[in-house]
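A.B. asks: coordinates only, sequence not included:
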């Protein structure tokens, strides 16, 4: 990997620190919905730290089991978050059923389809598709408000925008990564670099979301 | 061969990732732009609504002021003048000794006092119509129609199929609306015939008004500017009602008016 590419990966990994600092500084003032987003950031950071420690100190090159757990945890948090955000559009029970189905699917996938030492692309792709749909439904809900308020003033808009951008962009990578063999290293690296760039955007949008107040 | 295919697929993945990202970005920009446009429209609508409300309020205040001036004028020109005259007669009564002249002056003074009482009654009736208070809206409108028919200035045909009940405040508003309509018909429309019909049920009262006058050259403009019409609209608005002008009539003016029959109760 070239030094520039390595820098981008490092920037991408470290970019989570900005929203994390914001969470640690102001979590006491957060409303319940925003605390869920705070937990998303804390868990993501925690998973990255554990994954790093596994590789560096436990001398275990495969840290993928961490991401099997993280996907379910993040899905749970986003599921609860969007259950609140979309309460006027989608019935709460739909989110409860979705949560149960996704958890069962993720566990079955980790046990049989994509074991713990494999990249869990099936679960990640499923979660990404759901996040993309939830973001789009959220935008539609914004347009249906009887009294419109500027979108840019609402923290949940920035959250949905970040999720839409990141998961739309990375969806294809997650989908193909386990199915294409014998690909030159540079091509795979380029794809993951693009993913790292999208991750910087995502953390940027998280930061704006944490900084903005809710007008909903 | 497989490697070449794989490279191609992954190239496509790279392109696809970029395209999907750009597409998502375009969706966000579209939503922001579209919502901004909707916000602008909402703001314009709110501004128009605020202007309209201000216009109605101004019309209401002007109308009140006009009414006060009219009452003041009535009291000053009629009652005041009659009382001044009667005072003069009473002064003469003190000085005169001739019984025949005394009787004559007394009769004149009494006549003037009768006229004064009639004027006071008329002013008072204008302020709070007795017939409305005692017999209700339908009878009060009939009374207006009868008075106008007797004056032969205009022929008013009034019919009512409405048998509901109205809040007292709503009743007075409807009475004022009919007075305003008749006033317009007499002053501006050059109409010789007016048809008034009252309909509705317990929850809603409707009225149709039709005359054979000159009509409105531009109904929308007239609705915006005419103080009388604004007053009617304002009163209807207070009763959760509206006025609409039927523009397709060949001659005269045709209006449809409706309102609720009572205030919304708390908890409704």
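C.D. replies: Structure's in. What do you need? The structure displayed is predicted, hence computed values, not measured ones.
A.B. asks: what's near enough to touch residue A:83?
C.D. replies: Counting by CB atoms under 8 Å, 6 or more residues apart in numbering or on different chains, residue A:83 touches A:90, A:92, A:95, A:96. Heads up, the C-betas are built off the backbone N, CA and C, glycines and all.
A.B. asks: Local confidence estimate at the closest residue to the first one other than its chain neighbours?
C.D. replies: Right, the one you point to is residue A:90. Nearest residue to residue A:90, sequence neighbours excluded (CB to CB, 6 or more residues apart in numbering or on different chains): residue A:137, at 7.0 Å. On pLDDT, residue A:137 comes in at 94.
A.B. asks: Now do the longest helix seen in chain B: which elements does it pack against?
C.D. replies: If you go by DSSP state H, chain B has its longest helix at helix B:2-73. The contact analysis (3 or more CB pairs under 8 Å, 6 or more residues apart in numbering or on different chains; DSSP states H and E) places helix B:2-73 against helix A:121-143, helix A:155-176, helix A:185-211, helix B:99-127, helix B:227-238.
A.B. asks: Redo the ones you listed as JSON lines? Include mean neighbour count and distance to residue A:84.
C.D. replies: Formatted as JSON lines, these follow (neighbours: other CB atoms under 10 Å in any protein chain shown; distance: least, CB to CB, whole Å):
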{"stretch": "helix A:121-143", "mean neighbour count": "20", "distance to residue A:84": "11"}
{"stretch": "helix A:155-176", "mean neighbour count": "24", "distance to residue A:84": "9"}
{"stretch": "helix A:185-211", "mean neighbour count": "19", "distance to residue A:84": "14"}
{"stretch": "helix B:99-127", "mean neighbour count": "14", "distance to residue A:84": "58"}
{"stretch": "helix B:227-238", "mean neighbour count": "20", "distance to residue A:84": "38"}
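A.B. asks: Can you lay out those as JSON lines showing distance to residue B:257?
C.D. replies: Converted to JSON lines, the helices and strands packed on helix B:2-73 look like this (distance: least, CB to CB, whole Å):
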{"stretch": "helix A:121-143", "distance to residue B:257": "36"}
{"stretch": "helix A:155-176", "distance to residue B:257": "45"}
{"stretch": "helix A:185-211", "distance to residue B:257": "52"}
{"stretch": "helix B:99-127", "distance to residue B:257": "22"}
{"stretch": "helix B:227-238", "distance to residue B:257": "6"}
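A.B. asks: quick check, distance from stretch B:235-251 to the centre of its chain.
C.D. replies: Put simply, stretch B:235-251 sits 9 Å off its chain's centre (CA atoms, centre = their mean, to the nearest Å).
A.B. asks: How about residues contacting stretch B:84-98?
C.D. replies: Taking CB under 8 Å, 6+ apart as the rule, stretch B:84-98 contacts B:102, B:105, B:106, B:108, B:109, B:112, B:113, B:116.
A.B. asks: about what we covered before: nearest to residue B:164, out of the helices and strands packed on helix B:2-73?
C.D. replies: Of all these, it is helix B:227-238 that lies closest to residue B:164, at 16.7 Å by CB to CB.
A.B. asks: Rounded mean pLDDT for the helix or strand following the closest one, please.
C.D. replies: Using DSSP states H and E, the helix or strand that follows helix B:227-238 in sequence is strand B:242-245. Strand B:242-245 carries an average pLDDT of 89.
A.B. asks: Show me what strand B:242-245 pairs with in its sheet, parallel or antiparallel.
C.D. replies: Applying DSSP bridges, strand B:242-245 is found paired with strand B:253-260 (antiparallel).
A.B. asks: Just the residues contacting the strand it pairs with, thanks.
C.D. replies: Residues contacting strand B:253-260 (CB under 8 Å, 6+ apart): B:170, B:173-174, B:177, B:181, B:189, B:191, B:200, B:203-211, B:213, B:215-216, B:232, B:236, B:239-246.
A.B. asks: re the thing from before, pick out whichever of the contacts of stretch B:84-98 sits closest to chain A.
C.D. replies: residue B:116 (58.0 Å; CB to the nearest CB).
A.B. asks: Distance from stretch B:137-146 to the middle of the chain?
C.D. replies: So, by CA atoms, centre = their mean, the centroid of stretch B:137-146 is 18 Å from its chain's centroid.
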